[in-house]
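Asker: here is my input; please provide its structure:
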Amino acid sequence: MHIVLVHIHVRPDAIDPFLQASLDNARHSLQEPGVARFDVLQSVEDPARITLVEVYRHPDDVARHKETEHYQRWTGAVGDLLAEPRTRSVYRNIFPDDPSWAPGA
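Answerer: Prediction:
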């Protein structure tokens, strides 16, 4: 698995529209064959802090995801809602093994 954590700081006045756009993107992303998981997390301490947990079956699936209509729609919708540029970090899965939590991997 290829895991991308996207760290986002949203303007406080833009949290609801950001979440709406992100939920649309997440729901459509889960329909992609290369996406094993797509979570939208909101900080309890600071609701303007959002983390996306994107789990891809293969590193090449990230590029395919970025070509989709829903990803393009999301980037167009959220650009002006951010308090600062989003950052990302990439991980590999250690435990549990990939087939244990992502059927079809």
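Asker: now do Gly76, the pLDDT please.
Answerer: At Gly76, the pLDDT value in this model is 97.
Asker: mind checking what secondary structure it has?
Answerer: Here Gly76 takes the helix state, with states given by DSSP: H, G, I helix; E, B strand; the rest coil.
Asker: could you check how far it is from Asp98?
Answerer: Per CB to CB, to the nearest Å, Gly76 is found 33 Å from Asp98. Where you see a C-beta, it was placed from the backbone N, CA and C, and this is true even at glycine.
Asker: so between these two, which is more surrounded?
Answerer: Asp98 (15 against 10; other CB atoms under 10 Å).
Asker: do you know the pLDDT at that one?
Answerer: pLDDT, read off for Asp98, is 76.
Asker: ok, it to Arg11 distance?
Answerer: Distance, Asp98 to Arg11, by CB to CB: 37 Å.
Asker: then Arg92?
Answerer: Here Arg92 is placed at a distance of 33 Å from Arg11 (CB to CB).
Asker: of these two, who's got more company?
Answerer: Set Arg92 next to Arg11 and count neighbours by other CB under 10 Å: Arg11 wins out with 14 against 9.
Asker: how about the helices of the chain, start to end?
Answerer: Remark: helices assigned in the chain by DSSP state H are 15-29, 60-66, 69-78, 98-101.
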